[in-house]
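S.K.: Quick one, what's the 3D model for this:
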Amino acid sequence: MGSALFVAVGVGIIVAVQVALLGDVTRRLHPLAVSVVLQVAGVVGGLVWTAVTHTWADVVAVTRSAWWVPLGVAGWLLVAALGYSSARIGVVATLGVSVAVQLAAGLAFDAATGRAAIGPRPVLGVLLLAAGVALTVQRG
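M.R.: From the prediction side, this is the model:
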């Protein structure tokens with residue numbers, strides 16, 4: 001669990017830096033255009049990793065299902081939306097609202113599908129996070 005938490009901390013830092021930079025760039029350039037370039041960079045990085053690790057069979061296995069297409073498009077739109085929002089309302093508000101909504105939606109998804117037991121603690125946690133976001137979002 002220790003290494004997973006370390007990775008999660010790193011992801012949090014990378015996402016915050018990425019959203020801040022996206023906000024700066026999308027003040028001058030269209031967010032969807034910026035996202036396309038980032039997606040291409042991700043594909044190039046992924047191809048290099050795949051070539052080095054010889055995991056082409058896994059890539060082929062994923063492409064046999066259609067689910068990766070809408071998720072890839074959603075990722076492209078998500079990156080553009082993060083840049084658009086952070087340029088207008090700031091990084092804290094963008095990430096705070098996004099994470100709070102993700103957790104609330106995840107809680108609802110888990111409850112609806114039975115993937116995880118939902119009790120008062122997770123509900124209270126999501127409510128407290130939403131309250132924290134409300135405190136950090138600047139109005140005006």
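
S.K.: Dump the C-alpha coordinates for the helix or strand hosting Leu135 into PDB.
M.R.: Per DSSP states H and E, Leu135 falls inside helix 120-136. Output of helix 120-136 as PDB, limited to C-alpha atoms (Å, rounded to 0.1, in the frame of the first residue of the first chain):
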ATOM      1  CA  PRO A 120     -22.200   6.700   6.600                       C
ATOM      2  CA  ARG A 121     -18.400   7.200   6.600                       C
ATOM      3  CA  PRO A 122     -17.900   7.400   2.900                       C
ATOM      4  CA  VAL A 123     -21.000   9.600   2.500                       C
ATOM      5  CA  LEU A 124     -19.700  11.900   5.300                       C
ATOM      6  CA  GLY A 125     -16.300  12.000   3.600                       C
ATOM      7  CA  VAL A 126     -17.800  13.100   0.300                       C
ATOM      8  CA  LEU A 127     -19.900  15.700   2.100                       C
ATOM      9  CA  LEU A 128     -16.900  17.000   4.000                       C
ATOM     10  CA  LEU A 129     -14.900  17.200   0.800                       C
ATOM     11  CA  ALA A 130     -17.700  19.100  -0.900                       C
ATOM     12  CA  ALA A 131     -17.700  21.500   2.100                       C
ATOM     13  CA  GLY A 132     -14.000  22.000   1.700                       C
ATOM     14  CA  VAL A 133     -14.400  22.700  -2.000                       C
ATOM     15  CA  ALA A 134     -17.000  25.300  -1.200                       C
ATOM     16  CA  LEU A 135     -14.600  27.000   1.100                       C
ATOM     17  CA  THR A 136     -11.800  27.100  -1.500                       C
END
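
S.K.: Please name every helix or strand in contact with it.
M.R.: helix 91-113 (3 or more C-beta pairs under 8 Å, 6 or more residues apart in numbering; DSSP states H and E). Where C-beta positions appear, they are placed from N, C-alpha and C, glycine not excepted.

S.K.: buried stuff in the helix it packs on?
M.R.: The neighbour-count check on helix 91-113 (16 or more other C-beta atoms under 10 Å) flags Val91, Val92, Ala93, Thr94, Leu95, Gly96, Val97, Ser98, Val99, Ala100, Leu107 as buried.

S.K.: Perfect, I'm done here.
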